[in-house]
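A.B. asks: Build me a model:
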Amino acid sequence: MRLRYKLPFAFALTTLVFAGIVALVAALVLRGVYLDRLEDDMSLQGRQFAAVLQQEASAAAADAAAAPATSIAQAAYLQTLTDKAGDAGGLRLTVIAHDGTVLGDSQADPATLDNHADRPEVAQALAGLEGRARRLSATLNQQEVYVAIPLPESGAAWSSGVVRTALPASRVDAMVAASWRVPLIVWAVLLLPTLAVSYLLTRSLTRPVQRLQEMTSRVAEGDLAYRTSVHRRDELGDLARSLNQMATDLEAQVDQLATEKERSARVLEAMTEGVIVIDATGRLVRANPAAARILGAPLDEAEGRPLVVAARAFPAQSLIAQARQSGAPVTEIVEMPGQKYVGVEAVPLHPAGQAGDAGQTLFVIRDETARLATDRIRRDFATNVSHELKTPLAGLSLLAETLKHALEEDPEQARVFVDRLSAEVARLIGLTGDLLTLSKLEAEPESQAGERFAPTDMGRLTGETAAELLPAAEAKQQHVSVEAPAGATVLGDEVALRTLVRNLLDNAIRYTEPDGHIQVRVHTDTDARDARWVVLEVEDDGVGIPASEQRRIFERFYRVDKARSRMTGGTGLGLSIVRHVAERHGGQVSVSSVLGSGSTFTVRLPAAD
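C.D. replies: Residues are numbered from 1 along each chain as shown. I've put the predicted structure just below:
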């Protein structure tokens with residue numbers, strides 16, 4: 001039941017209870033008043049009947065002097081007089097002798113009645129006082145009101161006796177019933193106007209309350225711009241103004257939080273480091289795109305789910321245990337599948353005032369694969385450079401010492417040593433040149449390199465480079481075929497691109513056996529996105545490359561067959577230079593090889609518009 005109906009109903013019920021109490025009290029009070037008035041009337045009638053008996057006693061005394069009457073005649077006359085007086089007064093009259101014997105009764109046979117001397121009202125009257133009593137009549141078996149009047153001394157049988165009047169107490173019940181009905185009738189008459197007034201009054205209170213309730217509901221649903229229209233100068237008006245101000249403050253705070261949340265989201269999205277937050281149960285709370293990219297897992301679809309389900313290879317639980325045990329951030333390098341290394345910092349986020357296992361855990365993730373690979377390459381580079389320089393320098397020192405003695409003892413052998421010395425010097429010069437070229441490619445900014453880019457015909461450039469290296473291939477009796485039509489143009493540095501082609505052809509010549517075949521092809525291609533590419537392919541039927549080694553052959557100083565490389569004069573830097581040149585031009589290089597069957601190197605460069 002709504003408040004607008006509850007209050008009028010409660011008001012009506014309260015007034016009904018109040019009217020009932022008034023009616024009950026009025027009935028109780030008026031009943032006593034009515035009984036008192038009834039007793040007064042009965043007393044008056046009893047005194048009147050006593051006066052009649054006094055007159056009858058005086059008349060009987062005069063008549064007795066002339067002709068004395070019998071006692072039987074006197075008793076019969078008294079009974080007849082009592083009956084007539086009782087009927088005329090509408091009440092019960094009883095005449096009682098001074099010893100309590102009932103001489104006459106208007107509603108009963110005196111002979112059948114007990115002695116009344118012990119009745120309270122009779123006893124008071126026999127003592128000379130007016131007696132009154134309200135009690136249950138033993139004769140009539142109903143509540144009666146009694147008034148006893150003492151009779152004066154006379155010559156009659158009732159001398160010094162008592163006249164008693166009696167009426168049932170129910171005589172006043174009708175008047176009492178009428179009296180208690182009055183408040184209820186008044187209540188019923190005033191009920192509808194009272195309900196109408198109380199309803200209007202209640203509505204004047206409930207309508208503002210409904211508006212306030214509507215406002216709180218709208219605000220709770222997220223409509224923070226909603227304001228109530230209650231304008232009153234009472235407590236409800238104060239409450240409305242307070243709620244409006246609260247909504248204004250809440251809207252400002254929510255806007256500020258939304259701005260902060262958006263800013264935080266943008267920061268997280270822009271971060272190159274991965275950020276993951278999980279709760280105490282191990283469920284994912286938040287993750288940025290970098291974390292999904294580094295772990296290779298769809299974390300954006302896994303919020304609310306256990307992290308171990310979304311990223312099975314990530315050892316979150318062990319890192320959480322370490323962080324909570326130490327109570328401080330824990331940093332580790334974790335090896336992931338696919339030879340990927342991830343740096344993880346686990347930070348326990350304890351709620352304010354709490355410690356232990358409760359709270360969330362923050363993971364900051366960094367892809368350390370490239371850094372570790374760079375460190376390894378740097379270490380290998382230093383080792384390889386030292387080794388590569390040490391070998392020709394040691395050879396040069398030995399040859400110089402040997403040549404010193406051979407010039408004096410064996411001039412013919414000295415010329416052999418000079419040739420070997422020249423070869424070692426050439427090898428050292430080649431190594432130094434490759435190192436300088438590679439260093440220049442790595443150190444030069446892309447923007448600066450782009451300034452030298454110009455349209456370059458890869459067909460022409462490849463044909464010219466192949467012609468330059470053709471004598472070396474013919475010296476090994478190798479068959480070189482070139483398919484490089486003109487028109488395959490790229491935007492690039494011609495010197496660097498010529499180095500790329502030279503290194504690929506030189507590599508094919510070095511690792512192809514005599515009487516082998518080398519094919520060089522240049523053509524254009526279009527990918528699925530309609531992008532045009534210039535493709536350079538160098539295919540040989542040489543020794544081939546094991547599948548396990550193909551991933552590393554573009555690293556600096558990496559050789560599949562170190563002994564063969566030194567024997568053929570390779571520096572171990574050619575393919576690394578090829579990769580750098582291709583990437584600097586926005587392209588890529590790949591290899592397809594079968595051990596013992598040959599290799600195909602493919603370079604894809606963006607075609608010039």
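A.B. asks: Every contact and neighbour count from this point should use C-alpha atoms.
C.D. replies: OK.
A.B. asks: those helices in the stretch 251-400 of the chain, which residues are they?
C.D. replies: 289-295, 307-310, 316-326, 369-409 (DSSP state H, counting those that start in this stretch).
A.B. asks: I'd like the average pLDDT over the last one.
C.D. replies: It refers to helix 369-409. Averaged across helix 369-409, pLDDT comes to 64.
A.B. asks: same check, this time on the third one
C.D. replies: Helix 316-326 carries an average pLDDT of 81.
A.B. asks: Would you mark the buried spots in it?
C.D. replies: Residues of helix 316-326 classed as buried by neighbour count (16 or more other Cα atoms under 10 Å): 316, 319, 320, 322, 323, 324.
A.B. asks: check contacts around the third one.
C.D. replies: If a contact means Cα atoms under 8 Å, 6 or more residues apart in numbering, then residue 320 has 346, 348, 361 as its contacts.
A.B. asks: wait, isn't the last one in contact with residue 349?
C.D. replies: So the one you mean is residue 361. Yes - if you go by Cα atoms under 8 Å, residue 361 and residue 349 touch, sitting 5.3 Å apart.
A.B. asks: Make CSV from the buried residues of helix 316-326 and add distance to residue 20 to it.
C.D. replies: Shown next, in CSV, are the buried residues of helix 316-326 (distance: Cα to Cα, whole Å):
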residue, distance to residue 20
316, 77
319, 78
320, 75
322, 78
323, 76
324, 73
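A.B. asks: ok, so of those residues, who is nearest residue 16?
C.D. replies: Set against residue 16, the nearest of the buried residues of helix 316-326 by Cα to Cα is residue 324 (69.8 Å).
A.B. asks: Let's verify the closest residue to residue 166 other than its chain neighbours: helix, strand, or coil?
C.D. replies: Distances taken as Cα to Cα, 6 or more residues apart in numbering put residue 146 closest to residue 166, at 4.6 Å, once the chain neighbours are dropped. Secondary structure, DSSP: H, G, I helix; E, B strand; the rest coil: residue 146 is strand.
A.B. asks: Can you read off the pLDDT for residue 146?
C.D. replies: We note a pLDDT of 91 for residue 146 in this prediction.
A.B. asks: go on, the one 10 residues further on?
C.D. replies: Among the per-residue scores, residue 156 shows a pLDDT of 79.
A.B. asks: Mind checking what secondary structure it has?
C.D. replies: coil.
A.B. asks: Is it in contact with residue 75, as I believe?
C.D. replies: No - using Cα under 8 Å, residue 156 makes no contact with residue 75, being 10.2 Å away.
A.B. asks: Tell me how many other residues crowd residue 26.
C.D. replies: The tally of other residues near residue 26 (other Cα atoms under 10 Å) stands at 18.
A.B. asks: Surely it is within a helix?
C.D. replies: Yes - counting by three-state DSSP, one finds residue 26 located in a helix.
A.B. asks: pretty sure it is touching residue 179, no?
C.D. replies: Yes - between residue 26 and residue 179 there is a contact under Cα under 8 Å: 7.0 Å.
A.B. asks: is it true that residue 172 touches residue 35?
C.D. replies: Yes - contact criterion Cα under 8 Å: residue 172 and residue 35 qualify, at 6.9 Å.
A.B. asks: nearest to residue 103, of the buried residues of helix 316-326?
C.D. replies: residue 324 (113.9 Å).
A.B. asks: any idea how far that closest one is from residue 275?
C.D. replies: Residue 324 sits 18 Å away from residue 275, going by Cα to Cα, to the nearest Å.
A.B. asks: try residue 147
C.D. replies: Taking Cα to Cα, one finds residue 147 at 107 Å from residue 275.
A.B. asks: What is the burial count for residue 135?
C.D. replies: There are 14 residues near residue 135, going by other Cα under 10 Å.
A.B. asks: In contact with it: list those residues for me.
C.D. replies: Residue 135 touches 143, 144, 145, counting by Cα under 8 Å, 6+ apart.
A.B. asks: returning to that earlier point: shared neighbours of residue 361 and residue 349, anything?
C.D. replies: What both residue 361 and residue 349 touch, as defined by Cα under 8 Å, 6+ apart, is an empty set.
A.B. asks: Phi, psi for residue 161 please.
C.D. replies: Note on residue 161: backbone dihedrals following degrees, to the nearest 10 are phi -90, psi -150.
A.B. asks: what does residue 117 give?
C.D. replies: Here residue 117 shows phi and psi, under degrees, to the nearest 10, equal to phi -70, psi -20.
A.B. asks: list the contacts for it?
C.D. replies: 99, 100, 101, 123.
A.B. asks: in a strand, that's where residue 535 is, yeah?
C.D. replies: Yes - Residue 535 sits within a strand when classified using three-state DSSP.
A.B. asks: where does the closest residue to residue 78 other than its chain neighbours land on pLDDT?
C.D. replies: Distances taken as Cα to Cα, 6+ apart put residue 104 closest to residue 78, at 6.4 Å, once the chain neighbours are dropped. Looking at residue 104, its pLDDT is 90.
A.B. asks: Residue 527 now?
C.D. replies: For residue 527, pLDDT reads 86.
A.B. asks: Look up phi and psi at it.
C.D. replies: Given degrees, to the nearest 10, the pair of backbone angles that residue 527 has is phi -90, psi -170.
A.B. asks: Could you count how many residues lie near the nearest residue to residue 116 once chain neighbours are set aside?
C.D. replies: Excluding the flanking residues, the one nearest residue 116 by Cα to Cα, 6+ apart is residue 100, at 4.8 Å. Residue 100: 19 surrounding residues under other Cα under 10 Å.
A.B. asks: where in this protein is pLDDT low?
C.D. replies: Flagging of the chain using pLDDT under 70 yields the residue ranges 1-7, 60-73, 139, 178, 180, 350-358, 377-451, 556-572.
A.B. asks: residues in contact with residue 152?
C.D. replies: Counting by Cα under 8 Å, 6+ apart, residue 152 has contacts 54, 159, 160, 161.
A.B. asks: repeat that for 6 Å
C.D. replies: residue 160 (Cα atoms under 6 Å, 6 or more residues apart in numbering).
A.B. asks: Confirm it sits in a strand?
C.D. replies: No - in this structure, residue 152 is coil, not part of a strand, as judged by three-state DSSP.
A.B. asks: Just give the closest residue to residue 271, not the sequence neighbours.
C.D. replies: residue 290 (6.8 Å).
A.B. asks: Go ahead and measure how far stretch 295-304 is from the middle of the chain.
C.D. replies: 20 Å (Cα atoms, centre = their mean, to the nearest Å).
A.B. asks: List the buried residues for that stretch?
C.D. replies: 295, 297, 299, 302, 303.
A.B. asks: do you know how far the second one is from residue 502?
C.D. replies: It refers to residue 297. For residue 297, the distance to residue 502 - Cα to Cα - is 42 Å.
A.B. asks: again with the first one
C.D. replies: Spatial separation of residue 295 from residue 502 under the definition Cα to Cα is 40 Å.
A.B. asks: follow-up on the earlier one: assign the residue nearest to residue 78 to helix, strand or coil.
C.D. replies: Going by three-state DSSP: residue 104 is strand.
A.B. asks: Any idea what it is bridged to?
C.D. replies: Here residue 104 sits in beta bridges with residue 95, as judged by DSSP bridges.
A.B. asks: about what we covered before: quick one, which of residue 147 and residue 275 is more surrounded?
C.D. replies: Each of residue 147 and residue 275 has its neighbours counted (other Cα under 10 Å); residue 147 has more, 27 against 22.
A.B. asks: Ignoring the adjacent residues along the chain, who's closest to that one?
C.D. replies: Nearest non-adjacent residue to residue 147 (Cα to Cα, 6+ apart): residue 132, at 4.5 Å.
A.B. asks: and that neighbour, backbone torsions?
C.D. replies: Residue torsions, per degrees, to the nearest 10, at residue 132 are phi -130, psi 140.
A.B. asks: so who does it touch?
C.D. replies: Contacts of residue 132 by Cα under 6 Å, 6+ apart are 121, 146, 147.
A.B. asks: let's see 7 Å
C.D. replies: 121, 146, 147, 148 (Cα atoms under 7 Å, 6 or more residues apart in numbering).
A.B. asks: most surrounded residue in those?
C.D. replies: residue 148 (31 neighbours).
A.B. asks: Right, I'll leave it there.
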